[in-house]
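Visitor: Provided below are the primary sequence and the corresponding predicted coordinates.
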Amino acid sequence: MTSKHVLVTGASRGIGAAIATTLAASDRHVWINYRNSKSEAEGVVASIRQLGFDASTLQFDVSDRKACAAVLGACIEKHGGFDIIVNNAGITADVPFPGMEDEQWDSVIQTSLGGFYNVCRPLVMPMIRKRWGRIVNMTSIAALHGNRGQVNYAAAKAGIIGATKSLARELASRGICVNAVAPGFINTGMIEHISKDQIRQIVPMGRAGSVQEVASVVAFLCSDAASYVSGEVINVSGGII
């Protein structure tokens, strides 16, 4: 896997940062994508380099199609594209559906689902030419079970599942595996408002997961060990099924 280039979107903190750090530990050059959090992204790069591995930052907004095309096009020219893509960037704008504003719907859909298209579209053909690749899309258990106040988020993440399964069929003959990972309650800022008692009642394992537990699953899907796994959605949810 040496010298392979990896792109992790939304990797300046949380699950994305853990995924980037884990993938870098396999001697891959990891590109830390961020939108606004430059200092945090640079901090992730610094921590990866302190471990003796290689990483760089890459600034663009996944919801901006023109920006994605320009930045990623330049990367293709210089490095020949990416061998591994982890579509992790996403946002929430939770609100009961009757009170949802157009912007809350559009921004969530465009970041998660639109971001998948905007990032993968320019990078797939270079991957096809290499006849090897891994694409891992971060979805959510909200896409599988629904969640009050998250009609927009669940819709975006459910779209990711459909896109994953369809793209997996298209790219399987080219040595490219496409899978999705559906985290449950993971210890990040997104669940700060949920008490441990609530989590114990919802999650069969009785606790929230760690970002490293998610990153380890992603790392498996990006490895040669997962060469016959494609089109799957893997729950990392402590038993929520």
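Guide: That came through, no problem. Keep in mind that what you see is a predicted model, and the values were worked out from it rather than measured.

Visitor: List the buried residues for stretch 138-153?
Guide: Applying a neighbour-count criterion of 16 or more other Cβ atoms under 10 Å, one finds Met138, Thr139, Ser140, Ile141, Ala142, Ala143, Leu144, Gly149, Gln150, Val151, Asn152, Tyr153 buried in stretch 138-153. Using the backbone N, CA and C atoms, a C-beta is placed for each residue, glycine as well.

Visitor: actually stretch 50-69, not the one I wrote
Guide: Residues of stretch 50-69 classed as buried: Phe53, Asp54, Ala55, Thr57, Leu58, Phe60, Asp61, Val62, Ser63, Asp64, Arg65, Cys68 (neighbour count, 16+ other Cβ under 10 Å).

Visitor: Assumed Met205 was part of a helix.
Guide: No. Met205 is assigned coil when assessed by DSSP: H, G, I helix; E, B strand; the rest coil, not a helix.

Visitor: quick one: low-confidence parts of this protein?
Guide: 1-3 (pLDDT under 70).

Visitor: which residue is nearest the centroid of it?
Guide: Nearest to the geometric centre of the chain sits Asn88, at 2.0 Å (Cα atoms, centre = their mean).

Visitor: which residues sit in contact with that one?
Guide: Val8, Thr9, Gly10, Ala11, Ile15, Gly16, Ile19, Met138 (Cβ atoms under 8 Å, 6 or more residues apart in numbering).

Visitor: let's go with 6 Å and repeat that
Guide: Residues near Asn88 by Cβ atoms under 6 Å, 6 or more residues apart in numbering: Val8, Thr9, Gly10, Gly16, Met138.

Visitor: Pull the strand or helix carrying Ile76 out as CSV, backbone CA atoms only.
Guide: Here Ile76, judged by DSSP states H and E, is contained in helix 65-79. Extracted in CSV, the C-alpha atoms of helix 65-79 (Å, rounded to 0.1, in the frame of the first residue of the first chain):
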residue,chain,number,x,y,z
ARG,A,65,-19.0,21.6,-7.2
LYS,A,66,-16.7,24.1,-9.0
ALA,A,67,-14.3,24.3,-6.1
CYS,A,68,-14.1,20.5,-5.9
ALA,A,69,-13.4,20.2,-9.6
ALA,A,70,-10.7,22.8,-9.5
VAL,A,71,-8.8,21.6,-6.5
LEU,A,72,-9.2,17.9,-7.2
GLY,A,73,-8.3,18.5,-10.9
ALA,A,74,-5.0,20.0,-9.8
CYS,A,75,-4.3,17.0,-7.6
ILE,A,76,-4.9,14.6,-10.5
GLU,A,77,-2.5,16.6,-12.6
LYS,A,78,0.2,16.5,-9.9
HIS,A,79,-0.3,13.1,-8.3
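
Visitor: Cool, thanks, talk later.
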